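In: Dropping a prediction and its sequence here:
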Amino acid sequence: MDHPVFPSPDGSPVPGAVSRRRLIGRLTAAGFSAPVIASILANTAWAQDATPEVTPSAEEVLSGLGKDTRLIQQGSTTFETPAGLFDSLLTPNELFFIRSNGPVSVEIDPAAWRLTIGGLVDQPMELSLADLEAMSPRTMTAFLECSGNSRGRFGDDPAEVEGTKWGNGAIGNAEWTGVPLADVLEMAGVQAGAVDVVCQGGDFEEMQRGLPLETAMNGDVMIVWQMNGTDIPQVNGGPVRLIVPGWGGIASTKWIVGLEVIDRAFDGYFNTESYIIVDEDETIIRPVTVQPVKSVITSVEPDETLTAGSQAISGFAWSGYGAIAMVEVSTDDGETWNEAEIVEEAGRLSWVRFSYDWDAQPGDVVLRSRATDERELQQPIEAAWNAKGYGMNAIYAVPVTVS
């Protein structure tokens, strides 16, 4: 797909020349909706003949998408949240990260949107958004994390990992309003012999991800249309998307338009070739599923200089395997650990905010945080290397200087 050309993340210019018409074509091909394109063009200065290269900056694109312009560009359609901007239990919609395998945004009229349910069901059906709203909606708080979040922290031994070198900001925590996927499947009547539910995205035909029936019937898996009390932004999967709490983001199909119940494990591209765990011998272990236990200090930036005295060291912790039971903070590079206070939480599907009061003394210090979940799974010193760089949950080091 011909994605739009943006400046590189370091701000260096991109060579070449493009006319206004060609830019519109590029943006359209990449899936930008007409209002977003209009917003980008309105904020772009054009010479009369438009012969020099004029491409939208990351800030212009983010503004056109309704996003905070401080998000960090990691690719033409990929933006992460600076960890220092995480300062509340719920991540505001405008700060939520952007990750797409195709178009960055898909324009679907909510009134025209339909969800088709077929395959091994007693009653194939098509549901509108109004049909879903007439069921029994509920709201849950859950984190949503890109499967490759923190990938940039993997080393190059035995080799450099594939994929976007995310920092720690390809995650967000939100209130999601919708109905359980199980309620929809039960209404259709799942037949004996069903194994997987194939979820079809509305962005392109190949955007399919198989979900085990057992997981699909978990009441926490939701078809949702509101995010933090408002309509889900198009760029984050609106008008309707799937949320599979605790699983890598690829399972939470954006712009969902179809459910197909099948009698086998789905073997499509996003289950067997992409979003899979591959070891150093190039052996495929399994598809990406549950996200591991993890925590990140967000109140302090690496290499920041702090003032001696009382300092509140805070951040967030989460696990796809269940509620966070404990978070510890080390102020001596992991030699000793002190339990932090969990100051905000919103149920077992949500991340928690932790805080530790530290009497900082002058010198160079390495801060670390370590989370343990309700299953007693704990963050490791090192995460297992895999070729595609998934599941990075190693204890994060934050070096600082106290003066």
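Out: Thanks, I have the structure now.
In: From residue 113, how far out is the residue nearest to residue 204 when sequence neighbours are not counted?
Out: Excluding the flanking residues, the one nearest residue 204 by C-beta to C-beta, 6 or more residues apart in numbering is residue 102, at 4.6 Å. Bear in mind the C-beta positions are built from the backbone N, C-alpha and C, glycine included. Distance of residue 102 to residue 113, computed by C-beta to C-beta, to the nearest Å: 18 Å.
In: Please apply the same query to residue 144.
Out: 20 Å.
In: out of these two, which sits in the more crowded spot?
Out: residue 144 (28 against 20; other C-beta atoms under 10 Å).
In: Torsion angles phi and psi at the more buried one?
Out: The phi/psi pair for residue 144 (degrees, to the nearest 10) reads phi -130, psi 120.
In: Contacts only, for it.
Out: Contacts here follow C-beta atoms under 8 Å, 6 or more residues apart in numbering; on that basis residue 144 touches 171, 172, 173, 174, 243, 249, 252.
In: Switch those over to JSON lines; also include secondary structure.
Out: Below are these laid out as JSON lines (DSSP: H, G, I helix; E, B strand; the rest coil):
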{"residue": "171", "secondary structure": "strand"}
{"residue": "172", "secondary structure": "strand"}
{"residue": "173", "secondary structure": "strand"}
{"residue": "174", "secondary structure": "strand"}
{"residue": "243", "secondary structure": "strand"}
{"residue": "249", "secondary structure": "helix"}
{"residue": "252", "secondary structure": "coil"}
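In: what would those residues look like in TSV with pLDDT?
Out: Output for these, formatted as TSV (pLDDT from 0 to 100):
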residue	pLDDT
171	99
172	99
173	99
174	99
243	99
249	98
252	99
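In: Nearest to residue 379 among the residues you listed?
Out: Nearest to residue 379 among the contacts of residue 144: residue 171, at 14.9 Å, using C-beta to C-beta.
In: Name the nearest residue to that closest one, ignoring sequence neighbours.
Out: Looking at residue 171 with C-beta to C-beta, 6+ apart, the closest residue is residue 145, at 4.1 Å.
In: Which strand residues bridge the one you found?
Out: residue 171, residue 248 (DSSP bridges).
In: okay, now it: neighbour count?
Out: 25.
In: now the one 3 residues further on
Out: The burial count assigned to residue 148 is 27, neighbours taken as other C-beta under 10 Å.
In: And it, what's its pLDDT?
Out: On pLDDT, residue 148 comes in at 98.
In: from memory it sits against residue 164, does it?
Out: Yes. If you go by C-beta atoms under 8 Å, residue 148 and residue 164 touch, sitting 6.1 Å apart.
In: before we move on, the earlier item: in this model residue 207 seems to touch the residue nearest to residue 204, though I could be wrong.
Out: Yes. Counting by C-beta under 8 Å, residue 102 does reach residue 207; the two are 6.3 Å apart.
In: Let me know the secondary structure of residue 215.
Out: helix.
In: Name the nearest residue to it, ignoring sequence neighbours.
Out: Closest to residue 215 by C-beta to C-beta, 6+ apart is residue 221, at 6.4 Å.
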